[in-house]
Structure formats: C-alpha cells, structure tokens
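Engineer: with the input below, show me the fold.
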Amino acid sequence: CWFFVFSALVRNIERPAREMSETQPGLDLDSLSLDQLSQVKQQEEQRLKALTDQYGQLRAGNARFHSAKDALENLKASDHSSSTKEIMVPLTESLYVPGKIKDSNKIMVDLGTGFYVEKSSKDACSFLDRKMKLVEANSSNVLKVIQGTKMNMQNIQIAMQGKMMQIRARQEASVHQAKDASERDN
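Structural biologist: Modelled structure (predicted):
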C-alpha cells in the first residue's frame, strides 16, 4: 500500500523566539564611547539579520504546512471518485515515479528527525493545524523581537549622533578657545 507522506519542518523553524531575544540587559548607551556604540550597533545588525532569516524560515515552513494541508484536503475530496488514486511519488526534488494510493485514510506523517507515524487523514489534518498554530505563534514572537531590535538600533543611532555632537562641540570650543587666546596675545 502506498502512503501519502508529509514532510515536517527543519527543527530550527520551531525553535522558540525567546532564544533569539537575549540581549545585554540594562546597557547604558550614554556611558559607551563612539567605538563601543559602533560595535553594539554592528552586533544588533547581525542579530537583526539572524532574526529576519529565522522569520523567513518560519514563513516558508508555514507555507509548506499549508501546502501539505491543501494536498491532504484535495486527497480527501477526491476520495469518493475512485478506489485507487494515481499520483507521482517524489524520489528526489526532480525525480518522480508513478504510484497508486490504495487507502487514502492512512497517512504517514513526518514528525521530524526521521520519525514517521501513521495517522488517519483527520488526525493528520489536526496535526498540521497544531503545527501551523505553533509556527504562527513563533513567527509572531520573532516579529516582536525584530521590532525590539529595530528600536534598539534606532536608540543606538541616536546615542551615536549625540556623541558626534558632543565631539563637534568640544572641537568647536577648543577652536574658539585657541582663537580667543591668540587674540589676547596680540
């Protein structure tokens, strides 16, 4: 009997967003030098890139779960048309062999890390719904962390601009002091 197989997401996709949300708590930006602020900004940029990549993986994973659910619903919808269904079974991403589904109520579901379990089509649908909710929740959490990281970067940029203004003010003050001193000497 041929089984309809669903692939689960890579385990990184289900990693909770809280693992990505750790930063240096209570960092006083005003006490840092311009070089230190630049380093912190670079770290936050790298963090933002990693978070954005993870968000993209989550969205792609959610799309795969939706695609799997659509395929399962199409299989259930065509269940009444004939006793066996012809399909193309993927051997690789670009290599397929013809196959027939004899019992469309027996679905093999990939739980991840090479573990498969046979489920009824109803249970497989429920499994996919739970996975989609989990991925959606993680996507939402990662999006919140992305927004927080963007705010951190804006605050760092503001602190850097403040430091630059302080440096300019000191330079202008020393130029004025030197000018005043040279006028007094004349």
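Engineer: the longest helix belonging to the chain packs against which elements?
Structural biologist: Taking residue count as the measure and DSSP state H as the definition, the longest helix of the chain comes out as helix 121-185. Taking 3 or more CB pairs under 8 Å, 6 or more residues apart in numbering; DSSP states H and E as contact, the helices and strands that helix 121-185 lies on are helix 34-77, strand 107-112. Where C-beta positions appear, they are placed from N, C-alpha and C, glycine not excepted.
Engineer: packing partners of the first one?
Structural biologist: When you say that, I think you mean helix 34-77. Right, helix 34-77 is packed against strand 4-6, helix 121-185 by 3+ CB pairs under 8 Å, 6+ apart.
Engineer: and for the last one?
Structural biologist: In terms of contact count using 3+ CB pairs under 8 Å, 6+ apart, strand 107-112 is assigned the packing partners strand 4-6, strand 115-119, helix 121-185.
Engineer: P90 is nearest to which of those?
Structural biologist: Nearest to P90 among these is strand 4-6 (8.8 Å), distances taken as CB to CB.
Engineer: rounded mean pLDDT for the closest one, please.
Structural biologist: Averaging pLDDT along strand 4-6 gives 35.
Engineer: give me the residue ranges of the chain where confidence is low.
Structural biologist: Along the chain, the parts satisfying pLDDT under 70 run over 1-26, 79-83, 186.
Engineer: OK, contacts around the closest residue to S38 other than its chain neighbours?
Structural biologist: What sits nearest to S38 in space, not counting adjacent residues and going by CB to CB, 6 or more residues apart in numbering, is M160, at 7.1 Å. With contacts defined as CB atoms under 8 Å, 6 or more residues apart in numbering, M160 is in contact with 34, 37-38, 41.
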